[in-house]
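Trainee: take this sequence and fold it.
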Amino acid sequence: SGNIAEQFEASVQQAENELGVEVQELAPQTDAVGQIAAAMALEPDLVIMALDSEFLGVDWAKLTEDYPTTHFVSIAHIDSPGGANWTDVEFADAEGAFLAGAVAASRTETGVIGYVGAQPGLVGVFRAAFEHGARHVDPTVEVLSIDSLAETAYLVFGDVPRAAASARILLEAGADVIFHAHGTGGIGALAEVADYHEETGAEVWGIGVDSDEYLKFLSFPGGESVADRIHTSLVKRFDLAAFVAIQQFQDGLLSVSDASDSEPDEAREDESSATILMDLSNGGFSMATTSYLSSEEEVLVADLTDRIIKGEIEPEEWSMDATTHYHSTDAVVLATVSEGSCSMAPQVSLTSGQSIRISLTSDGSAGAGLMVGPLAPSADPNRLPTLVDRGSWLGDQDLWAASWSNLWSFAFPGGSTHLPVIVTSPGNWAIACQ
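Mentor: Predicted coordinates:
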């Protein structure tokens, strides 16, 4: 299927035909709260949600307590409230991303491949496993990666221009295969691959995610040119996940048990929420064969799938070993260490969700210190920004509150490097070099 909505529609039809369940469709609502209220007015036994950023305003814990005889199934992308009448469907993303990396390494002609991601705290597993799969096929392959970040984590996944800009950086750096884990915004990365091919004639390819994005673009008016540059897609079987959830509920495996006869809090105390895991062993992932996946690559994918299922390969879920790890930036600042002192131009201030890339050049005469501090009174000095050094997360530092705080000092032997600075805290922040 070309999109996730069609996958869910297919799973519902399958459940109606094979399991005899009654499915009621809801009229579209203007907001998530209204959508949920309309669903609960039907007094359903089971509610399945493909959760997205639109559902961020829903109080799930209160909802499960208010409707203890209804079972809720969440398919990815939300923090679980737990409870006896809540089930999470999770995907073993590392297994699928490993296959995508293997295909990318098999397809590249330049020996350089790229990963475009969003909010690595949520989908960092994709980058790690993608790199692992690539290096399993070719230990010499160069892996470039870039992540988009935002204050509201889920919203960045729909940022089409940001994904496109990230893809352009990697293409210009030599990557000829780009895999994205950027949600709906990833269409920007795939479109950028097609644009780059048209502009330069370079044989560059995209690998989609979640659904068969080749079919998705073919369904768009004028989308054929983008579809023609999509080598394959890592398809997450949301349709199968929904069908399995319905089947297990019907078989009593997701029963709310005695929740209807107990106080909600008592039911939660006695039972933890269930989890359905979708992985390669139960068909949770596949590499789409509708576009340009070669017969040799199909054999490769089948072999790796078999070895992962048997436990012979365990895909990495976290790694910081990418050859080059970029971050999308709102500005580039030049910092120079010369004759024992450090200067930076232009002077900048950042707000939450923004980022800069500091391009640092040093003559080796001294170490450099990045000074990050709040522009009072707009920033909370107890919530300092996060620094990222070529992919290594340093996290928030435990520093005393002051007008200036020495967030990070480092020794630099000379030459040049890039130091991305990501602001994750509210207010305005100034950055300087000394």
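
Trainee: would you map the helices across the protein?
Mentor: In the chain, the segments counted as helices under DSSP state H are 4-19, 32-40, 60-66, 93-107, 120-137, 160-172, 186-200, 213-218, 224-227, 238-250, 264-270, 295-309.

Trainee: can I get those helices in TSV with mean neighbour count, mean pLDDT and distance to residue 148?
Mentor: C-beta: built from backbone N, CA, C; applies to glycine. Listed next are those as TSV, based on neighbours: other C-beta atoms under 10 Å; pLDDT from 0 to 100; distance: least, C-beta to C-beta, whole Å:
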stretch	mean neighbour count	mean pLDDT	distance to residue 148
helix 4-19	16	83	20
helix 32-40	16	81	23
helix 60-66	17	88	26
helix 93-107	27	97	17
helix 120-137	23	86	9
helix 160-172	21	85	5
helix 186-200	22	96	10
helix 213-218	24	95	18
helix 224-227	18	97	20
helix 238-250	21	90	23
helix 264-270	16	34	36
helix 295-309	15	98	28
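
Trainee: between those helices, which one is nearest to residue 84?
Mentor: Nearest to residue 84 among those is helix 264-270 (4.7 Å), distances taken as C-beta to C-beta.

Trainee: who does the closest residue to residue 301 other than its chain neighbours form a beta bridge with?
Mentor: Nearest in space to residue 301, with sequence neighbours left out and distances taken as C-beta to C-beta, 6 or more residues apart in numbering, is residue 287 at 5.0 Å. Taking DSSP bridges, one obtains residue 234 as the residues bridged to residue 287.

Trainee: list the contacts for residue 287?
Mentor: By C-beta atoms under 8 Å, 6 or more residues apart in numbering, residue 287 lies in contact with 99, 100, 103, 232, 233, 234, 235, 293, 297, 298, 301.

Trainee: gap between it and residue 208?
Mentor: From residue 287 over to residue 208 the distance is 10 Å, taken as C-beta to C-beta, to the nearest Å.

Trainee: which residues do these two both contact?
Mentor: Common contact partners of residue 287 and residue 208 (C-beta under 8 Å, 6+ apart): 232, 233, 234.

Trainee: how many other residues sit next to residue 71?
Mentor: Close neighbours of residue 71, defined as other C-beta atoms under 10 Å, add up to 25.

Trainee: wait, it sits on residue 85?
Mentor: Yes: counting by C-beta atoms under 8 Å, residue 71 touches residue 85, with 5.0 Å between them.

Trainee: picking that back up, now render the helices of the chain as CSV, adding distance to residue 113.
Mentor: Below are the helices of the chain laid out as CSV (distance: least, C-beta to C-beta, whole Å):
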stretch, distance to residue 113
helix 4-19, 25
helix 32-40, 37
helix 60-66, 38
helix 93-107, 4
helix 120-137, 6
helix 160-172, 9
helix 186-200, 12
helix 213-218, 17
helix 224-227, 19
helix 238-250, 26
helix 264-270, 45
helix 295-309, 14
